[in-house]
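>>> pasting the sequence and the predicted model now:
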Amino acid sequence: MITKILIANRGEIAARVIRTCQKLSIKTVAVYSEADQKAPFVSMADESFLLGPPRVQDSYLNIEKIISIAEESNVDAIHPGYGFLSENGAFAEKCEEAGIRFIGPSAKVMEKMGSKIAARKAMQEADVPVVPGTDGAVKSSDEAIEFAREIGYPIMLKASAGGGGIGMQAVQSDEELIKAFESNAKRAKTFFGDGAMFMEKKLDFARHIEIQLLADNYGNVIHLFERECSIQRRNQKVIEEAPSPFLSGQTRKQMGEAAVTAAKALGYTGAGTIEFLVDDQENFYFLEMNTRIQVEHPVTEEITGVDIVEQQIFIAEGKELSSSQSEVNMNGHAIEARIYAEDPETFFPSPGHISAFQLPEGEYIRNEVAVAQNDDVTPFYDPMIGKLIVKGSNRREAISMLKEALLTYKVEGIKTNIPMLQKIAGHEAFESGNTTTAFIENYYLPITKTK
Amino acid sequence: MTEVKASMAGSVWKITVSEGEKVSSDQDVVILESMKMEIPIAAEADGAIKELKIAEGDFVNEGDIIAIIE
């Protein structure tokens, strides 16, 4: 039994995890940086402890300090949320050494999936299709050019250790490849301590569709269908929905089965997500696996009725999955829009003071927020200040609810991407389900430029 | 003399020029980091860097002077 959990995270996801803990009568411990002293998640927890100065190295990435607070406050388990230490194998090991359960898969699986090169290999071994690309790291720009001759442009150059779009670039020519290879290897080395680069064929007209998985400690694995996350800017997701308006029933089934097979082959445990690229012919290819809760998990919760955080806790407690695959059903259509503190045209971050903050309300609306009125949005962390989730009985209804909710979403004092979200939600290409990864480039950026 | 100002709050991730160095308009002078994004700040005029007002790792607010070009 888990009776007390420390949440090693901040913002909306910390608040989200605390809510489920409250539902399960589990006590909660929040940890926070000096910049987050007044954040809503801190006061929601039963206990809270200051980690240190705002910089992440001194706060949310400070493993020693987090473990010592966990020991002092006598928690049974640590929930890492997403980002920060959520996919850090060394942190998971330190938790276990201290006798505290890490809510997530084993350190070994996490590390394997954290290396994009190793993950590709593991998926190939499990017979999951991967995007045509290099089998291992590309050592030099000469080798990169040689490989480019084989598969042809456009090519996606990626850092093996990369995340959040860092170290990743699309290239169209030898000249671009040489330049991008060196600069991205350097950036990956700076950011992740690992400059290993690999290459994949860039798929045009592709969609980013991912499968949510749940796996217990007894070899039972089920999927909770897909999330369509194609609408991205700079490889960061902006709007996600479930189910995907594009997939046929047959492809949905095949992707779910492939993801379950892969998780079984890996010995995966906990909640996890396998991301796929899907081309216009519905061929799907493994992209990466996220070994943690995802930002966009609420859309899956809305259509399946499953509380994914609750399932993570149950699995960590050693419970068996309570549902079999045939007992999981989809119902209705859910869309999530991420609210970012950024200029909607330049995408530059917009930290500052929130002078007025009012959320849309309604039976079909779910708000996950990191801030409140009179809060300061600091420049130290990710620009996402909230998520707006709507659920309709079908996609058309969900879109009209999203449009309406965005009209009443009020954030003053800082710039947000709400005007951009409104334009996307009202665009005919979005309404018709033409959501490829090039959506923003093809449909949104041209609107901002012609003004 | 022109001032190079921070266009937003953030920390100084990299300084790409040194004092005395000749720069041209639109050349990046520093790269700020804010909300997990790097934002290059460019010189607005041709000239030489007379003074750098900040160091790598410093925190700057919007409107703070980063460098002076002469």
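Looks like it came in fine.

>>> how near is the residue lying closest to residue B:16 once chain neighbours are set aside to chain A?
Closest residue in space to residue B:16, ignoring its immediate chain neighbours: residue B:28 at 5.3 Å, by Cβ to Cβ, 6 or more residues apart in numbering or on different chains. Bear in mind the C-beta positions are built from the backbone N, C-alpha and C, glycine included. When distances are taken as Cβ to the nearest Cβ, to the nearest Å, residue B:28 and chain A turn out to be 14 Å apart.

>>> what number of residues lie near residue B:28?
By the other Cβ atoms under 10 Å in any protein chain shown criterion, the neighbourhood of residue B:28 contains 15 residues.

>>> next, name the residue at the spatial heart of chain A.
Compute the mean C-alpha point of chain A, and by Cα atoms, centre = their mean the closest residue is residue A:294, 3.9 Å away.

>>> helix or strand: which one has the closest residue to that one other than its chain neighbours?
On the basis of Cβ to Cβ, 6+ apart, the spatially nearest residue to residue A:294 that is not a chain neighbour turns out to be residue A:273, at 5.2 Å. Taking DSSP states H and E as the criterion, residue A:273 maps to strand A:270-278.

>>> so after that strand, what's the next helix or strand?
Beyond strand A:270-278 in the direction of the C-terminus, DSSP H and E gives the next helix or strand as strand A:284-290.

>>> just want the angle from that following strand to strand A:270-278.
Going by axes from the mean of the first three to the mean of the last three Cα atoms, to 10 degrees, strand A:284-290 is angled at 150 degrees with respect to strand A:270-278.

>>> helices or strands next to strand A:284-290 in the packing?
Helices and strands in packing contact with strand A:284-290 are listed as helix A:107-114, helix A:116-125, helix A:249-266, strand A:270-278; criterion 3 or more Cβ pairs under 8 Å, 6 or more residues apart in numbering or on different chains; DSSP states H and E.

>>> again, 7 Å this time
On a contact count with 3 or more Cβ pairs under 7 Å, 6 or more residues apart in numbering or on different chains; DSSP states H and E, strand A:284-290 meets helix A:116-125, strand A:270-278.

>>> which helix or strand lies directly C-terminal to that strand?
Beyond strand A:284-290 toward the C-terminal end (DSSP H and E), the next one is helix A:297-304.

>>> how much does that following helix deviate in direction from strand A:270-278?
Using the same axes, to 10 degrees: helix A:297-304 against strand A:270-278 is 90 degrees.

>>> buried ones in the helix or strand bottoming out on mean pLDDT in chain B?
Counting by mean pLDDT, DSSP states H and E, chain B has its least confident helix or strand at strand B:37-42, which shows a mean of 86. Within strand B:37-42, the residues that qualify as buried are B:37, B:39, B:41, counting by 16 or more other Cβ atoms under 10 Å in any protein chain shown.

>>> ok, and which of the residues you listed reach chain A?
B:37, B:39 (Cβ under 7 Å from any Cβ of the partner chain).

>>> circling back: TSV for the helices and strands packed on strand A:284-290, including mean pLDDT?
Written out in TSV, the entries for those read as follows (pLDDT from 0 to 100):
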stretch	mean pLDDT
helix A:116-125	92
strand A:270-278	97
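
>>> just say which of those is most tucked in.
strand A:270-278 (a mean of 25; mean count of other Cβ atoms under 10 Å in any protein chain shown).

>>> tell me the strands beside that one, with direction?
strand A:207-215 (antiparallel), strand A:284-290 (antiparallel) (DSSP bridges).

>>> hmm, who's touching the longest one?
Same thing as strand A:207-215. Judged by Cβ atoms under 7 Å, 6 or more residues apart in numbering or on different chains, the contacts made with strand A:207-215 from elsewhere in the structure are A:221-230, A:232, A:244, A:246-247, A:255-256, A:259-260, A:263, A:268-278, A:300, A:311, A:321, A:435-437.

>>> in CSV, could you pull the C-alpha coordinates for it?
Extracted as CSV, the C-alpha positions of strand A:207-215 are listed here (Å, rounded to 0.1, in the frame of the first residue of the first chain):
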residue,chain,number,x,y,z
ARG,A,207,0.9,12.4,-38.6
HIS,A,208,2.1,12.0,-35.1
ILE,A,209,-0.1,9.5,-33.4
GLU,A,210,0.7,7.8,-30.1
ILE,A,211,-0.6,4.8,-28.2
GLN,A,212,-1.2,5.0,-24.4
LEU,A,213,-0.1,1.8,-22.6
LEU,A,214,-0.6,0.4,-19.2
ALA,A,215,1.5,-2.5,-18.0
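
>>> downstream neighbour of it in the secondary structure list?
Elements were assigned by DSSP H and E; along the chain past strand A:207-215, the next helix or strand is strand A:221-233.

>>> mind checking the pLDDT average for that following strand?
In this model, strand A:221-233 has a mean pLDDT of 96.

>>> what lines up beside it in the sheet?
Applying DSSP bridges, one finds strand A:221-233 paired with strand A:207-215 (antiparallel), strand A:236-242 (antiparallel).

>>> kindly reformat the ones you listed as CSV containing mean pLDDT.
Supplementary listing: these in CSV, determined by pLDDT from 0 to 100:
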stretch, mean pLDDT
strand A:207-215, 97
strand A:236-242, 96
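
>>> out of the strands paired with strand A:270-278, which one sits most buried?
strand A:207-215 comes out most buried of the strands paired with strand A:270-278 by mean count of other Cβ under 10 Å, with a mean of 25.

>>> can you check what angle separates that strand from helix A:249-266?
Between strand A:207-215 and helix A:249-266, the angle formed by their directions is 50 degrees, by the same axes, to 10 degrees.

>>> next one: strand A:207-215 to chain centre, how far?
11 Å (Cα atoms, centre = their mean, to the nearest Å).

>>> could you do stretch A:127-142 as well?
Here stretch A:127-142 is found 23 Å from its chain centre; the criterion is Cα atoms, centre = their mean.

>>> for it, which positions count as buried?
Taking 16+ other Cβ under 10 Å as the neighbour-count basis, stretch A:127-142 is seen to contain the buried residues A:128, A:130-131, A:133-134, A:137-138, A:141.

>>> also stretch A:163-172?
Taking 16+ other Cβ under 10 Å as the neighbour-count basis, stretch A:163-172 is seen to contain the buried residues A:163, A:166-169, A:171.
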